[in-house]
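**Student:** pasting the structure only:
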């Protein structure tokens with residue numbers, strides 16, 4: 001009896017079917033994903049620059065060598081995600097990147113983003129916090145998150161806050177155009193505190209917050225922080241309020257934390273923090 005000779009591959013061949021082609025190795029798949037990651041790093045480096053940037057600047061920000069950055073930039077230019085100025089040789093975001101960014105912004109609901117973030121801030125700090133938007137009558141409270149200790153006040157959702165005697169109002173004054181300020185103040189009640197509006201605007205823009213201490217309501221102090229849109233205008237204002245039941249020694253830490261939350265929300269909207 002003759003023994004059957006095994007096939008050269010050690011496996012029974014299938015008639016009429018070509019052998020399977022080897023698929024990409026796990027290393028090759030990892031390299032493909034890594035290339036996408038690096039490409040996004042280069043895009044992020046372009047987006048982080050306030051103006052068109054040189055190759056060396058982009059490479060440094062993206063943690064790449066200039067030759068590596070140049071190769072990725074060439075691909076991004078080919079796809080419309082980046083452009084290079086022919087005269088200066090500098091690079092910036094291209095029309096395709098801008099279109100994608102605008103599409104993402106159009107899908108972003110600032111209130112839907114801000115409300116849970118401010119709710120978490122209230123839970124963590126215990127401070128009552130409100131969100132205000134610009135309404136037809138002035139800064140209007142659109143959300144009220146009650147803190148760990150109740151605050152007795154006439155303010156509630158729907159209340160309109162004054163521009164010249166509230167921390168919230170100061171922030172709204174700071175982040176609108178000069179022409180808008182005049183119109184907003186015209187609608188303010190005639191009996192209002194004498195405030196140097198120009199000084200308030202400069203101070204708030206420099207500090208990125210405003211505070212009042214028993215100015216609007218006796219026994220209450222407040223710190224307000226802007227959430228800016230892509231044009232550097234105020235989209236919402238988050239304001240934390242406190243009574244004397246809260247230690248004043250904690251106010252600076254609470255303010256810094258609220259600024260961190262609002263900075264993150266501002267950047268989520270595609271805006272720059274503190275650039276106005």
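**Tutor:** Received it, and whenever you're ready, just let me know what you need. Only a predicted model underlies this, so the values are computations on that prediction, with no experimental measurement involved. Residues are numbered from 1 along each chain as shown.
**Student:** Mind telling me what element residue 58 is part of?
**Tutor:** Secondary structure assignment for residue 58, by DSSP states H and E: helix 55-61.
**Student:** Can you give me every residue that contacts residue 262?
**Tutor:** 225, 226, 227, 238 (C-beta atoms under 8 Å, 6 or more residues apart in numbering). Every C-beta, even on glycine, is put in place using the N, C-alpha and C of the backbone.
**Student:** so it sits in a strand?
**Tutor:** No - per DSSP: H, G, I helix; E, B strand; the rest coil, residue 262 lies outside any strand segment and is helix.
**Student:** Could you check how far it is from residue 229?
**Tutor:** Residue 262 is 12 Å from residue 229, where distance means C-beta to C-beta, to the nearest Å.
**Student:** Then residue 123?
**Tutor:** Counting by C-beta to C-beta, the separation of residue 123 from residue 229 is 26 Å.
**Student:** When these two are compared, which one has more neighbours?
**Tutor:** residue 229 (18 against 13; other C-beta atoms under 10 Å).
**Student:** correct me, but the more buried one touches residue 133?
**Tutor:** No - applying C-beta atoms under 8 Å as the test, residue 229 and residue 133 come out as separate, 11.7 Å apart.
**Student:** Name the residues contacting each of the two.
**Tutor:** With C-beta under 8 Å, 6+ apart, residue 229 and residue 133 have common neighbours residue 235.
**Student:** re the thing from before, which of the contacts of residue 262 ranks first by neighbour count?
**Tutor:** Among those, the one with the most neighbours (other C-beta under 10 Å) is residue 226, at 31 neighbours.
**Student:** What strands line up against the helix or strand encompassing that one, and which way round?
**Tutor:** Element membership for residue 226 (DSSP H and E) is strand 221-228. If you go by DSSP bridges, strand 221-228 pairs up with strand 210-213 (antiparallel), strand 234-242 (antiparallel).
**Student:** Residue 52 is nearest to which of the ones you listed?
**Tutor:** strand 234-242 (27.5 Å; C-beta to C-beta).
**Student:** Measure how far that closest one is from the centre of its chain, please.
**Tutor:** Using C-alpha atoms, centre = their mean, to the nearest Å, the mean C-alpha position of strand 234-242 is found 16 Å from that of the whole chain.
**Student:** quick one: average pLDDT of that strand?
**Tutor:** Regarding strand 234-242, the rounded mean pLDDT is 92.
**Student:** tell me which residues in it are buried?
**Tutor:** By neighbour count with 16 or more other C-beta atoms under 10 Å, strand 234-242 contains the buried residues 234, 235, 236, 237, 238, 239, 240, 241, 242.
**Student:** Tell me the one among those residues nearest to residue 182.
**Tutor:** Distances from residue 182 to these, taken by C-beta to C-beta, are shortest for residue 234, at 16.6 Å.
**Student:** was I right about the closest one contacting residue 176?
**Tutor:** Yes - counting by C-beta under 8 Å, residue 234 touches residue 176, with 6.9 Å between them.
**Student:** OK, contacts around residue 70?
**Tutor:** So residue 70 contacts 55, 59 (C-beta under 8 Å, 6+ apart).
**Student:** Which positions in whichever strand or helix holds it come out as buried?
**Tutor:** Assigned by DSSP H and E, residue 70 belongs to helix 66-78. If you call a residue buried by 16+ other C-beta under 10 Å, then helix 66-78 has these buried ones: 69, 72, 73, 76.
**Student:** how far is that helix from where the chain is centred?
**Tutor:** Helix 66-78 sits 27 Å away from the centroid of its parent chain (C-alpha atoms, centre = their mean).
**Student:** And for residue 137, nearest residue in space, chain neighbours not counted?
**Tutor:** Among residues not flanking residue 137 along the chain, residue 160 sits closest, at 4.7 Å (C-beta to C-beta, 6 or more residues apart in numbering).
**Student:** Next: residue 184.
**Tutor:** residue 163 (6.0 Å).
**Student:** since we're on the one you found, how many residues are nearby?
**Tutor:** Residue 163 - counted by other C-beta under 10 Å - has 24 other residues nearby.
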